[in-house]
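Enquirer: Build the 3D model from these lines:
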Amino acid sequence: MKEEIKQLGIYRLSRAKESLSETELLLAEGHVLTAVNRLYYACFYAASAILLLKGYSSPKHTGVRSLFHQKLVKPGLISLSAGKLYNRLFDARQKADYADLVKFEAEDVAVWLQEARSLVQEIEVLVNREVNS
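Expert: You can find the predicted model right below:
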């Protein structure tokens, strides 16, 4: 694998972790809708990282989600619960960013944050394996 690909995968994983930190700050300030956005992006960046390192990519969010399920969840490399979380956050982010009169409870989003941390950690193990192989 080319060094540039490895570095890009590592960078995307760091963006995922940064988005998790941003979520914490946003929730602490009561910015729940934007926190939902950052949670989704944490998962998106992490998924993009491991997919890239495995030789897959898509220019569209729906394509990344499809590849995530096809290449990672279905074969058992990523847990089914992580796949369900990714779907939930994809849908929630669409509502948070584009729909009117949408509200999410901070307590629910805080639970999603913990689940997203687990998803990113799960992916980090795979990223490290790919980068170090």
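Enquirer: use CA for all of it now, contacts and neighbours both
Expert: Will do.
Enquirer: Can you give me the pLDDT of the spatially most central residue of the chain?
Expert: For the chain, the residue sitting closest to the mean C-alpha position, by Cα atoms, centre = their mean, is Cys43 at 0.3 Å. Listed pLDDT for Cys43 reads 98.
Enquirer: same question, Leu51
Expert: pLDDT, Leu51: 98.
Enquirer: looking at it, it is touching Ser58, isn't it?
Expert: No: using Cα atoms under 8 Å, Leu51 makes no contact with Ser58, being 9.3 Å away.
Enquirer: Neighbour count: the two, which is higher?
Expert: Leu51 (22 against 14; other Cα atoms under 10 Å).
Enquirer: what about the more buried one, helix or strand, and which?
Expert: Element membership of Leu51 [criterion: DSSP states H and E] is helix 32-53.
Enquirer: again with Gly55
Expert: Remark: Gly55 resides in no helix or strand, with elements defined by DSSP H and E.
Enquirer: That one: how many residues sit nearby?
Expert: Quick note: Gly55 (other Cα under 10 Å) scores 9 neighbours.
Enquirer: residues contacting Gly30?
Expert: Ala106 (Cα atoms under 8 Å, 6 or more residues apart in numbering).
Enquirer: shift numbering so it begins at 613
Expert: That works, and once the first residue is 613, the last one we named lands at Gly642.
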